[in-house]
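Visitor: got a structure for you, letters missing:
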């Protein structure tokens, strides 16, 4: 069975995930993100003065991960159409997407632990803030592999009516490439474009993360429709 309607619902769940994920940053007053150059007193004051906003925002971020899973599943379903009987790339996309969900779930939990006792020793809050932002910005490997796998699968599609257009593969390659600089260099900078709040570490990867869901939705909906029509023939 094609289950086209279920696939469409799963596809749109990705947009719900993106909205919740980025709404969390605004609710928590993490746009623009506080940089690693902040002093210990500034970090402690941030958690003490905005405890409620951070709590609500991080709960929203946790909730966003629920809606990523169906989206990852429907991408794998469509990749499996390309591969046929041995869907290695589809399963790889599923596994990396699943690991990616875990990496999205851990940071908000850590933020919630940090803000749970804002009156604790300042040194501990300062350390945990570093941990929270490192976990938020540095977990690039599963996403890079996911995008590369999607691109490879599309490039390997030699059918007369490809599941996805080839431009989607090139887009995934560029997203993977642009994820790399910040992830590799984050640990070496406390300010500038490669710090955890910098353009190459937060803004470009964050923007591309959201755009990826939109682009894949645009590609998935026609693919699901063609699959539905093929099943009716």
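Guide: All right, it came through fine. The structure displayed is predicted, hence computed values, not measured ones.
Visitor: Please identify the buried residues of the longest helix seen in the chain?
Guide: The residue-count maximum for a helix in the chain (DSSP state H) belongs to helix 51-83. Neighbour counts over helix 51-83 (16 or more other Cβ atoms under 10 Å) mark 54-55, 57-65, 67-83 as buried. The way it works is simple: take the backbone N, C-alpha and C, and place the C-beta from them, glycine included.
Visitor: from the middle of its chain, how far away would that helix be?
Guide: The chain centre lies 8 Å from the centre of helix 51-83; the measure is Cα atoms, centre = their mean, to the nearest Å.
Visitor: now do stretch 200-211
Guide: 9 Å.
Visitor: Can you tell me what sits against it?
Guide: Residues outside stretch 200-211 that contact it (Cβ atoms under 8 Å, 6 or more residues apart in numbering) are 18, 21-22, 33, 137, 140, 143, 175, 178-179, 181-183, 185-186, 193-196.
Visitor: where in the protein is pLDDT low?
Guide: 1 (pLDDT under 70).
Visitor: All the strands of it, residue numbers only.
Guide: In the chain, no strands are defined using DSSP state E.
Visitor: Tell me the spacing between the residue nearest the centre of the chain and residue 166.
Guide: By Cα atoms, centre = their mean, the chain has its centre lying nearest to residue 209, at 5.3 Å. Applying Cβ to Cβ, to the nearest Å, the value for residue 209 to residue 166 is 22 Å.
Visitor: Now for residue 171: which residues touch it?
Guide: Contacts of residue 171 (Cβ under 8 Å, 6+ apart): 212, 215.
Visitor: same thing but 6 Å
Guide: Residue 171 sits next to residue 215 when contact means Cβ atoms under 6 Å, 6 or more residues apart in numbering.
Visitor: Pull up the gap between it and residue 197, please.
Guide: In terms of Cβ to Cβ, residue 171 sits 26 Å off from residue 197.
Visitor: And for residue 219?
Guide: In terms of Cβ to Cβ, residue 219 sits 31 Å off from residue 197.
Visitor: Equivalent analysis for residue 143, please.
Guide: 19 Å.
Visitor: With residue 31 instead?
Guide: In terms of Cβ to Cβ, residue 31 sits 10 Å off from residue 197.
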